[in-house]
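**Student:** Using only what follows, build the 3D model:
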Amino acid sequence: MNELKAIAEINEKIKSIGYTAENISLIATNAMLVARQAGINAVGFSVVAHELRMFSEKMAIAMKGLGGLIYQQVIATARKRHKVRNMGLLDKAGTYGELAQSRIAPACARSQADVDESSKLIASLLCGLRITMRRTGKQCATGLVIARSAHIEAAHGGVMTPVLRQIAQGVEDAVGKLVMRVSELEYD
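**Tutor:** Here you go, the predicted structure:
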């Protein structure tokens, strides 16, 4: 049961990261609109906002992929638990005598092979999950650099500089939260 609880917790964190990515996309869209209002002075900010939007879309796609991996992990774990339970029942039936044990032995061997195969599948899925999380962590580092670039570009916003700085701070905070959540997920 602990495996399934851990998977459920990871899934909730993935959903939270997905929501944060959507929030970044909304903030970046707002930033693009404000940059357009600021005119030629905020062209750089507009480019950074567009890059942030692309980053958030990539993060949303990555989270959907992780969600798929989590789903596969849940299915594999549930199947393994079912096979382990069946193997326990076969072992119990084998205790009723030598004749029962001799007839059940091949089924027990098959069940053990199924459990071993399920364990290998779960380990493989977990490895894929870790690799994907490392890639996502690297994407987050890039997103943080882009978010910090928004502060630099906000300084050139002319009359809209205070608004652009406020938006840049909001973006940096949101990306910082995303980075923190992804790093928490990496170590789970």
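**Student:** Quick check: which ranges of the protein have low pLDDT?
**Tutor:** Residue ranges of the chain with pLDDT under 70: 1, 188.
**Student:** where exactly do the helices run in this protein?
**Tutor:** 2-38, 43-94, 98-154, 161-186 (DSSP state H).
**Student:** could those helices be laid out in JSON lines, adding mean neighbour count?
**Tutor:** Heads up, the C-betas are built off the backbone N, CA and C, glycines and all. Output for these, formatted as JSON lines (neighbours: other Cβ atoms under 10 Å):
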{"stretch": "helix 2-38", "mean neighbour count": "17"}
{"stretch": "helix 43-94", "mean neighbour count": "17"}
{"stretch": "helix 98-154", "mean neighbour count": "15"}
{"stretch": "helix 161-186", "mean neighbour count": "18"}
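**Student:** which ones are touching residue 28?
**Tutor:** For residue 28, the contact set (Cβ atoms under 8 Å, 6 or more residues apart in numbering) comprises 49, 50, 52, 53, 56, 171.
**Student:** And for residue 42?
**Tutor:** 34, 35, 36, 153, 156, 157, 158, 160, 164.
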